[in-house]
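In: give me the fold of what follows.
(one chain, ligands or ions: 1)
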Amino acid sequence: MERTSVDIMGVSGWVMLQIAIGVLMAVGWSYMRRRKKVKGGLKRYEELPGPKEWPLIRNLHHVLTGPRPQIHNMWTNLALKHGPLFRFRVPFKNFVVVSDPKLIPAILGRPGLPKTKMYQLTSTLFNPYGHDNLFTYLNTNEAEWKACRKAFAKSMSPESIRAVFPKLRDRSKLLCEEVRKKRNGAPLDVQDAMQRLALDMIMLAAFSMDTQAVRFGESVILDSLHFCFEDIFWRLAMPWRRLLYRALPWLPSARANKGYHDRLYAAWGAICDHIRTMGPYDREDGSFSAIIGTMTEPETGKLWSREKLMAHAAGVVVAGMDTTAHAVAWALYCVATYPGVQEKLVAELEGAGLLATPSMPEPRDVDLNVLHELPVLDAIIKESMRMFPVGGSGIGRYADRDIDLGGYLIPKGTEVAVCLHTMHMVPWNFPEPTRFSLDRWLQDSGSGAVSQAPDSPASRPCAEAGQECSSAPGASKQAEHEQQAAEVEQPRDGQSGQASSQPKHRRDLKETRGEALTKPYIPFSAGPRDCLGQRFGMTEVLSMMATICGRFHLELDPQMGGEAGVLERQISSFTLAVDGGLFIQFHDRTQVPAQQAASAAAVPSEAGGKAKQQVPGSPARPVFSMTASSRRGDLRQ
Ligand code: HEM
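Out: Next up, the predicted model:
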């Protein structure tokens, strides 16, 4: 058949014209839509600064390069290049990364943004039934999150902490005895040792259960947790892994995977049984067991099911153990590594009667009041949590609607990351951010005595929020309960028109809270989803540090390769950690050689600065460790 001149490859000119018009209309519609959205003066997401994209994979190469997952460093380095608000895209996911404190209220405040779905990936750690817990609920408007947050907050009150404090202190002393007996002077993996101590502490405080992990025997919870954490990361990298295990359950790795998960769930189950057998509980009992053991379903009034109890009990153990352990491990690293820091701390502990010496092998017991009077220790912990925030790689939120962030229109569906490491390590938030400096947190009265600077970046947010969280573990925190309750009961956006009906102190809290949210120092996050256990966690960290540093002189083990070696081996895991272990030598102060004691007594005027050089090639010592990576070996088989 003869074709007309406008026939192209068998398609008539008329059809071609219609397609062309269709394409033009689609382009025009999308252009108009964008124009309409950016009408309010907002710029488009695509206009945000950000790293150069490659075809198809976009920015994925940034994640895939490098020997270890160091998401925190990646975000910080990109922020240094592209500024406090930048875009980052991988196939099928758009991110925006924020390190401008002024933008935090829109993300972490109220109404703020919900947590990203990534949090729910961790639910396999807590129970096999898919129940959520405080950590994995995505939205602050979920009734269950509100009820749990309000109820659990009671167990973190100053009175509850005071009641369990002797147990916490005695457990730190037990760890010190074990190390003295078994590993004096030998390299100790402080990540492992502090996980053992933090596990014992949370189990004793929350459930009155004694896991005796500090005895350095086998720990089912720690071993299984390490494996199950790793499984989550492997599932992210290889989403088909779970299906493969289901399809081929006889594979050795599938069997190992199931075995570790089963053992973990059995351990959580044992906690639930213990909670139930300890009941019935007194109405006045503020312990975590009592609170969680009496939680009921709002519809039926029945006690929580065992499965749900398991999700929440496990959630508190996991959230409270790994974070505290790594916070202490990093603080010990700072004491052992940065010049002048240990000497300043020793002088302070000696002044408070907390230093062991050959003539006084058992120093005074740490108590809550004395912990409050140790500004140098407090500053060390704060500075260490600034440079090494354990929730380092980020607080993940999700734009559930189009939002205005810093004058840019962030489209619905974008992942919004507030990386704590980036917040703390960029010069627009902290001058000379890579320098470890206690002076950020201390003021000198002129007489040589130091105290906490009243407007230090840490004290401001807590004091203003009425929390006194990180600096005053034993202080009276009047109205805290009401505040915690107010947080979950009242919206904080000031839009609801309910403000005038609230009691005055609640309104004050609400007003100051907004400002506190714009502070750059947020190791415990900020806003309604900030850390539930921060008061308890800081009490643990302070008492562990005072007890350990009062009894041991610390030295970073030469195998770590000094500061550079440690920084190179950092990994963004559930918490910011050191791959392969963080080895520090613990030298008993009651037997410190004379020459070391003399150097410890010399207090330099300025603590901080660059790390000491380690002596290479020191003699090999027995290594006391059950490091994450040695456990990881199983998984790679
Ligand atoms: C020094 C120790 C600790 C640090 C640095 C820390 C840090 C954090 C951070 C950054 C978050 C926010 C996580 C996110 O949104 O992605 C968080 C949440 C949480 N933390 Fe902690 N934490 C510590 C100790 C504890 C302790 C001891 C407990 C319990 C006893 C605890 C329980 C929780 C819970 C339940 C949440 C979730 C709260 C919610 O979403 O409503 N934490 N923590």
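
In: contacts and neighbour counts: CA atoms only from here.
Out: Will do.

In: how much space between residue 522 and the ligand?
Out: Residue 522 is 8 Å from the ligand, where distance means Cα to the nearest ligand atom, to the nearest Å.

In: skipping adjacent residues, who's closest to that residue in space?
Out: Nearest residue to residue 522, sequence neighbours excluded (Cα to Cα, 6 or more residues apart in numbering): residue 420, at 6.8 Å.

In: with residue 409 instead?
Out: Nearest residue to residue 409 in three dimensions, chain neighbours excluded: residue 44, at 5.4 Å (Cα to Cα, 6+ apart).

In: angles on the backbone of the one you found, please.
Out: Main-chain dihedrals, residue 44, degrees, to the nearest 10: phi -80, psi 160.

In: wait, it touches residue 406, no?
Out: No - the pair residue 44 and residue 406 does not pass the contact test of Cα atoms under 8 Å, sitting 11.2 Å apart.

In: which stretches in the stretch 51-200 of the chain count as strands?
Out: Ranges of strands in the stretch 51-200 of the chain, per DSSP state E, counting those that start in this stretch, are 85-90, 93-98, 187-189.

In: winner for burial among these?
Out: Among the strands of the stretch 51-200 of the chain, strand 187-189 has the highest mean neighbour count (mean count of other Cα atoms under 10 Å), at a mean of 24.

In: name the residues that touch stretch 535-553?
Out: When contacts are defined by Cα atoms under 8 Å, 6 or more residues apart in numbering, stretch 535-553 is touched by residues 156, 161, 168-169, 172-173, 176, 198, 320, 324, 327-328, 331-332, 346, 349, 354-357, 363, 366, 371, 377-378, 381, 469-471, 473, 586-590, 592.

In: ok, residue 392 - contacts?
Out: Residues in contact with residue 392 (Cα under 8 Å, 6+ apart) are 72, 419, 420, 421, 572, 575, 576.

In: may I have the secondary structure class of the closest residue to the last one other than its chain neighbours?
Out: With Cα to Cα, 6+ apart as the criterion, residue 576 has its nearest non-adjacent residue at 4.7 Å, and that residue is residue 390. Using DSSP: H, G, I helix; E, B strand; the rest coil as the criterion, the local structure at residue 390 reads coil.

In: what's the spacing between residue 390 and the ligand?
Out: Counting by Cα to the nearest ligand atom - residue 390 and the ligand are separated by 6 Å.

In: retrieve the pLDDT associated with that residue.
Out: The model reports residue 390 with a pLDDT of 94.

In: try residue 344
Out: 98.

In: pretty sure it sits against residue 376.
Out: Yes - between residue 344 and residue 376 there is a contact under Cα under 8 Å: 7.1 Å.

In: looking at this, residue 539 is in a strand?
Out: No - read with three-state DSSP, residue 539 is helix and lies in no strand.

In: where's it relative to residue 336, distance?
Out: Residue 539 sits 21 Å away from residue 336, going by Cα to Cα, to the nearest Å.

In: okay, those two: which has more neighbours?
Out: Ranked by neighbour count (other Cα atoms under 10 Å), residue 539 and residue 336 place residue 539 first, with 27 against 23.

In: what's the burial count for the residue nearest to residue 576?
Out: Residue 390 is flanked by 28 other residues according to other Cα under 10 Å.

In: I'd say it and residue 578 touch.
Out: No - using Cα under 8 Å, residue 390 makes no contact with residue 578, being 11.1 Å away.

In: so what's residue 208 up against?
Out: Taking Cα under 8 Å, 6+ apart, we find residue 208 in contact with no residue.

In: residue numbering should commence at 290 henceforth.
Out: In the new count, where the first residue is 290, that last one comes out as residue 497.

In: let me see the contact set for residue 363.
Out: Taking Cα under 8 Å, 6+ apart, we find residue 363 in contact with 351, 352.

In: and it, how far from residue 336?
Out: For residue 363, the distance to residue 336 equals 21 Å [Cα to Cα].

In: and if you look at residue 420?
Out: Distance from residue 420 to residue 336, counting by Cα to Cα: 40 Å.

In: what parts of this protein come near the ligand?
Out: Within the chain, the residues that sit near the ligand (Cα under 6 Å from any ligand atom) are 423-424, 605, 608-609, 612-613, 616, 679-680, 684, 812-814, 818-823, 825-827.

In: run the last query once more with 5 Å
Out: Within the chain, the residues that sit near the ligand (Cα under 5 Å from any ligand atom) are 424, 608-609, 612-613, 680, 684, 813-814, 818, 820-822, 826.

In: residue in the stretch 490-639 of the chain with the shortest distance to the ligand?
Out: The ligand sits closest to residue 609 of the stretch 490-639 of the chain, with a gap of 3.3 Å, by Cα to the nearest ligand atom.

In: give the contact list for that residue.
Out: Counting by Cα under 8 Å, 6+ apart, residue 609 touches 487, 491, 822, 826.

In: in a strand, residue 618, correct?
Out: No - in this structure, residue 618 is helix, not part of a strand, as judged by three-state DSSP.

In: out of the contacts of residue 681, which comes closest to residue 311?
Out: Set against residue 311, the nearest of the contacts of residue 681 by Cα to Cα is residue 708 (43.4 Å).

In: skipping adjacent residues, who's closest to that closest one in space?
Out: Excluding its sequence neighbours, the residue lying closest to residue 708 (Cα to Cα, 6+ apart) is residue 683, at 3.8 Å.

In: wait, is residue 685 part of a helix?
Out: No - going by three-state DSSP, the assignment for residue 685 is strand, not a helix.

In: which non-adjacent residue is nearest it?
Out: Nearest residue to residue 685, sequence neighbours excluded (Cα to Cα, 6+ apart): residue 706, at 4.9 Å.

In: so the residue nearest to residue 811 touches residue 684, yeah?
Out: Yes - using Cα under 8 Å, residue 709 makes contact with residue 684 at a distance of 7.3 Å.
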